[in-house]
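Novice: sequence? don't have it. structure:
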């Protein structure tokens, strides 16, 4: 009877193993879907040579990483001044962010005990979603489309509300500032005042632009916040500041006159104070399962060993009965071990790794015509980081505004610096 | 023997129960986007504008405008500009506003059958270019006579798209109320001769893995 049962267990295990192998063979290929989507959006536009490798990665990694790769490549394109392509890539990312995943097969799989969270299509944490809207909004601002830019900033504010803990909700001061700037330039003064009022709640010491200010500097510094998995089975998602040298203070000189540059937003702080996720509870449960089953398996194996030892001290039918119990416990112990090994509570640590750490803002009124500014960067110890220094020349139009975007140093994901 | 079977059964059942451990989270797979009656209390909220909304909204506005005697029963057909120039999006829905105003103009032009005249002010650079070429003799005249100026308008469309967004962080439910107003403004007096409003609310909930 026992031998039959053991045979049955072996057969069941073999069938399961075959199913696992077959499932791996049936890996879904979403590359073509992504290629079609990218082609449809780019409308056969010539892809710059620097971005070609990034596009290949975007297509080859398929739907699962489409939002992430669009964010990364979009920001690469933005930093290299390919604004049109950057806008299209960020549109792809935003489309993914706005998609409601209800009964999505990959999302269902990612929720299961046997699959890592990283199985799911990437949508990013709230701070990453906010940044996608921020960059899209900036691109609209550079085009002078303040209405569309404002929509993006409001959507960013909405995404920030997904950060769970009440005290950290909608505290992305930068977005309120930029929304206010957009309203102001659309001559919607009362709305601009409302936005700036919200902005001042989070940055009471920050300056507010007047109607006459016509040049806006947006300066980004530092490395992107990092995601790491910690805890039993790496179930716990933790976010840290990026590694590497960073400028924490920026000074701008216009004709040797120093202009105040305000450190408007700390993206790493926004990421680290995101609050807990609902899904963390599921991952915690899965980690508990992994831990409990490992302990049960260890207990069963040990008991089986003890039973086998005890059987050697027995005689006759008592000994064979004890051997049977030992064999049974060993089989169940191995099954529980398999279950424990197969459980994957690992948190998803994919992240937007070419984001900046800090965003600095400066604005001023300049007369129409050509102007020059020098930008100096300083570290925490107030040492000047001369290798980051920039000198730029720009033309202020007689009507409208000039938006100047600076990233120092460039942080390109798919393009070699 | 019976004891052994019982042991195995208990161990296997315990394993199965552990494997199917339920988590105390409501509605884990998420809820697909659903339309809700804006007049009633919503579940919580949100999503964007879809083609269905544009079609039903413009149909409703067309019917309403055609039923207005000041617009559709004048002795001389009024000249109207319908474009997105003064149609402002103050909400959170990213949409090409021309989707709405183009459909409204096309449907009105088709249904009014000459009771209203529509002016393509958004084609002004194109018109200017052709008029200049004709007057400079670069191209010949058309079949119609030249006019002193292009048509001036009696009314122009204005409007606003606003949204009210709410998020329930606990359930991940997002609810969005969208209100779109359309107004025809007399370009001499500033009088609003017609206005219409369209509103809807939508609620959606993402899968728990995104919360």
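Specialist: Alright, I've got the coordinates. Not measured: the values here are computed from a predicted model.
Novice: a helix runs through residue B:107, doesn't it?
Specialist: Yes: counting by DSSP: H, G, I helix; E, B strand; the rest coil, residue B:107 is part of a helix.
Novice: List the strands paired with whichever strand or helix holds residue B:193, with their directions.
Specialist: Assigned by DSSP states H and E, residue B:193 belongs to strand B:192-205. Paired neighbours of strand B:192-205 in the sheet (DSSP bridges): strand B:31-36 (antiparallel), strand B:173-186 (antiparallel).
Novice: what's the distance between the last one and the middle of its chain?
Specialist: Here the centre of strand B:173-186 is set off from its chain's centre by 8 Å, with CA atoms, centre = their mean, to the nearest Å.
Novice: May I see the buried residues of it?
Specialist: Neighbour counts over strand B:173-186 (16 or more other CB atoms under 10 Å in any protein chain shown) mark B:173-180, B:182-185 as buried. Heads up, the C-betas are built off the backbone N, CA and C, glycines and all.
Novice: what ranges do the strands span in chain B?
Specialist: B:31-36, B:79-81, B:87-89, B:117-118, B:155-168, B:173-186, B:192-205 (DSSP state E).
Novice: What mean pLDDT does stretch B:110-127 get?
Specialist: Mean pLDDT, stretch B:110-127: 93.
Novice: end to end, how far does that stretch reach?
Specialist: With CA to CA, to the nearest Å as the measure, the first residue of stretch B:110-127 is 22 Å from its last.
Novice: Just the strands from the stretch 201-350 of chain A, written as ranges.
Specialist: A:215-221, A:226-230, A:236-240, A:249-254, A:257-259, A:262-266 (DSSP state E, counting those that start in this stretch).
Novice: Using JSON lines, lay out those together with distance to residue A:60.
Specialist: Below are the strands of the stretch 201-350 of chain A laid out as JSON lines (distance: least, CB to CB, whole Å):
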{"stretch": "strand A:215-221", "distance to residue A:60": "29"}
{"stretch": "strand A:226-230", "distance to residue A:60": "22"}
{"stretch": "strand A:236-240", "distance to residue A:60": "26"}
{"stretch": "strand A:249-254", "distance to residue A:60": "38"}
{"stretch": "strand A:257-259", "distance to residue A:60": "45"}
{"stretch": "strand A:262-266", "distance to residue A:60": "33"}
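Novice: Now do the same contact list for residue A:350.
Specialist: Applying CB atoms under 8 Å, 6 or more residues apart in numbering or on different chains, we find residue A:350 in contact with A:65, A:68, A:118, A:122, A:227.
Novice: any low-confidence regions in chain B?
Specialist: B:1-47 (pLDDT under 70).
Novice: what sits against residue 78?
Specialist: All of this is about chain A. A:86, A:135, A:138-139, A:405.
Novice: To clarify, I was referring to chain B.
Specialist: B:71, B:116-117, B:154-155.
Novice: Can you say which two of the buried residues of strand B:173-186 are spatially most distant?
Specialist: Among those, the pair separated by the greatest distance (CB to CB) is B:173 and B:185, at 38.5 Å.
Novice: Count the residues that sit near residue A:90.
Specialist: By the criterion of other CB atoms under 10 Å in any protein chain shown, residue A:90 has 28 neighbours.
Novice: check which helix or strand covers it.
Specialist: Assigned by DSSP H and E, residue A:90 falls in helix A:83-98.
Novice: the helices in chain B, which residues?
Specialist: Using DSSP state H, the helices of chain B run over B:2-19, B:51-66, B:69-72, B:98-112, B:124-135.
Novice: Which of those sits closest to chain A?
Specialist: Across these, the minimum distance to chain A, taken as CB to the nearest CB, is reached by helix B:2-19, at 4.4 Å.
Novice: so what's residue A:92 scoring on pLDDT?
Specialist: On the pLDDT scale, residue A:92 gets 92.
Novice: do the same with residue A:200
Specialist: At residue A:200, pLDDT is 95.
Novice: For it, which residues are in contact?
Specialist: Shown in contact with residue A:200 (CB under 8 Å, 6+ apart): A:206, A:208.
Novice: part of a helix, is it?
Specialist: Yes: assessed with three-state DSSP, residue A:200 lies in a helix.
Novice: and for stretch A:393-405, what are the contacting residues?
Specialist: A:78, A:138, A:141-142, A:144, A:185, A:214-218, A:220, A:366-373, A:392.
Novice: In it, which residues are buried?
Specialist: For stretch A:393-405, by 16+ other CB under 10 Å, it's A:396, A:401-405.
Novice: From residue A:229, how far out is the residue nearest to residue B:178 when sequence neighbours are not counted?
Specialist: With CB to CB, 6 or more residues apart in numbering or on different chains as the criterion, residue B:178 has its nearest non-adjacent residue at 5.2 Å, and that residue is residue B:163. Distance, residue B:163 to residue A:229, by CB to CB, to the nearest Å: 37 Å.
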